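My questions concern the predicted model and sequence given below.
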Amino acid sequence: MYVQFRKNNMDEVVECLPNTIAAVTSVVKLVNIHLNRENFKKMYDLVTREWELLRLNDAELHVLEDITTQGSKFAQLYKKTLLVCMIVFLMVPLLCPFLDIVLPLNETRPRQQLFRVNYIIFNHENYFFYVYFQLAWATIVLTMTIIIVDSLYMIIIHHASGLFAVCSYQVRKATEYKKPFSNSAITENNTYELFKQCLTTHDKAIQFYEIVNDSSQNSYLIQVGLSMIGISLTAVQTVLNLDKPEEALRYGMLLGAEQFHLFVMSLPGQTLLDHCIELKNDIYCSTWYKVPAKFQRVIYTMQIRCLKSCVLSAGGLYEMNMENFGTTFKTCISYFTMVMSLRE
């Protein structure tokens, strides 16, 4: 009897926690933006100024535009994927009421709400549709909050990646071999302006990265922890409801959305890291040895700074990249196995 009571309590906890974690994740994202609103204002101003400045150079503008367009397309894919998962999640509880209308039986089919709820003042089973629409509205608000905030971060991080890509282009342009002009003073002034532009862009990219990292690392730490717990427990719920296809489908869609959410948090960090490493390689592979010695010192300064990779971190404990995403996913599988063994 004690074992059965313990098992029932664990099942209730496992069923309630994934939904609670989704709600807490949404709140964490909003609170993070509110607490770092000054940093976000700085980033918006930097983005505006950089686009206005690069309009004077079509080639550099094209480089930045390509990277930010990739971020926008990925944000659109993320939005569509989560919306599809949300729609399926919302439609499954309506399947039984719909079948009661089109294919009625001698008795009412059992109905399952979106979440496990318990209203003290009334019996929620007697007001199925009222409770359903309340929970559906809450689900839509939470999902849209997650989509909007994550899409914003994707575009901002891809802008930072674009700045490193622009800097790579400027380095290649500044160090490419050119036949000397008849006027050596003109040649030196042009070279000076090109290297000054490289150094300025690199400094802007690093400054932008530092603001982004400072604004996101505490939020990322909480979200990664919540995602690991949510994925593990949602996987448990999916397995426990395999005998109920509609419930297994609903939790399966939630599980897919949670995994994609963790993937989306990791991929922009990998993109930023890749462009930072690409800048370091472009500096090393450029014809820096053909420029005057005083300009070589500028390149050497940039190389030293590039040795410290621009990595988005979660509280300084976890790096947001695809390698750690794979490690985290394996950890979630381990937690899933542990919860299933405890339940048994």
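Thanks, I have it. Numbering: from 1, shown residues only.

Average the pLDDT values over stretch 205-224 and round to the nearest integer.
For stretch 205-224, mean pLDDT rounds to 89.

For that stretch, C-alpha coordinates in CSV please.
The C-alpha trace of stretch 205-224 is given here as CSV (Å, rounded to 0.1, in the frame of the first residue of the first chain):
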residue,chain,number,x,y,z
ALA,A,205,32.1,43.3,-32.1
ILE,A,206,33.8,42.5,-28.7
GLN,A,207,31.9,45.3,-26.9
PHE,A,208,28.6,44.0,-28.4
TYR,A,209,29.4,40.4,-27.4
GLU,A,210,30.2,41.4,-23.8
ILE,A,211,26.9,43.2,-23.5
VAL,A,212,25.0,40.2,-24.9
ASN,A,213,26.8,37.8,-22.6
ASP,A,214,26.3,39.9,-19.6
SER,A,215,22.6,40.2,-20.3
SER,A,216,22.0,36.5,-20.9
GLN,A,217,24.4,34.3,-18.8
ASN,A,218,22.2,34.2,-15.6
SER,A,219,19.1,33.6,-17.6
TYR,A,220,20.8,30.9,-19.6
LEU,A,221,21.9,29.1,-16.5
ILE,A,222,18.4,28.9,-15.1
GLN,A,223,16.9,28.0,-18.5
VAL,A,224,19.4,25.2,-19.2
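
quick one: pLDDT of the residue nearest to residue 339 when sequence neighbours are not counted?
In this structure, residue 339 finds its nearest non-sequential neighbour in residue 236, 5.1 Å apart by CB to CB, 6 or more residues apart in numbering. From N, CA and C alone the C-beta is placed, and that goes for glycine too. Residue 236 carries a pLDDT value of 83.

Test my guess that residue 236 contacts residue 340.
Yes: assessed by CB atoms under 8 Å, residue 236 is found in contact with residue 340 at 6.2 Å.

Between those two, point out the one with more neighbours.
residue 236 (26 against 15; other CB atoms under 10 Å).

Could you check which helix or strand contains the more buried one?
When elements are assigned from DSSP states H and E, residue 236 belongs to helix 184-240.

Pull the contacting residues for the residue positioned nearest the centre of the chain.
By CA atoms, centre = their mean, the chain has its centre lying nearest to residue 265, at 2.5 Å. Contacts of residue 265 were listed using CB atoms under 8 Å, 6 or more residues apart in numbering, and they are 150, 220, 223-224, 227, 320.

where's residue 305 relative to residue 167, distance?
11 Å (CB to CB, to the nearest Å).

try residue 155
Distance from residue 155 to residue 167, counting by CB to CB: 19 Å.

what residues are up against the residue nearest to residue 232 when sequence neighbours are not counted?
Once flanking residues are discounted, residue 232 sits nearest to residue 335: 3.8 Å by CB to CB, 6+ apart. Contact analysis of residue 335 by CB under 8 Å, 6+ apart lists 228-229, 232.

Could you do residue 94 as well?
residue 132 are the contacts of residue 94 under CB under 8 Å, 6+ apart.

Mind pulling the model confidence for it?
In this prediction residue 94 is given a pLDDT of 80.

Then residue 323?
pLDDT, residue 323: 84.

And it, how far from residue 82?
Shown here: residue 323 relative to residue 82, a distance of 24 Å by CB to CB.

If you count surrounding residues, which of residue 155 and residue 167 has more?
residue 167 (30 against 16).

Just list the residues touching the closest residue in space to that one that isn't next to it in sequence, thanks.
Using CB to CB, 6+ apart and skipping residues adjacent in sequence, the residue nearest residue 167 is residue 201, 4.4 Å away. Applying CB under 8 Å, 6+ apart to residue 201 gives the contacts 163, 166-167, 170.

Using pLDDT, spot the least trustworthy of those residues.
residue 170 (83).

how much space between that residue and residue 195?
With CB to CB as the criterion, residue 170 and residue 195 are 9 Å apart.

swap in residue 214?
Taking CB to CB, one finds residue 214 at 29 Å from residue 195.

just residue 84 next, same as before
For residue 84 relative to residue 195 (CB to CB), the value is 49 Å.

pLDDT (mean, whole number) over whatever helix or strand residue 83 lives in?
For residue 83, the element it lies in under DSSP H and E is helix 58-91. In this model, helix 58-91 has an average pLDDT of 87.
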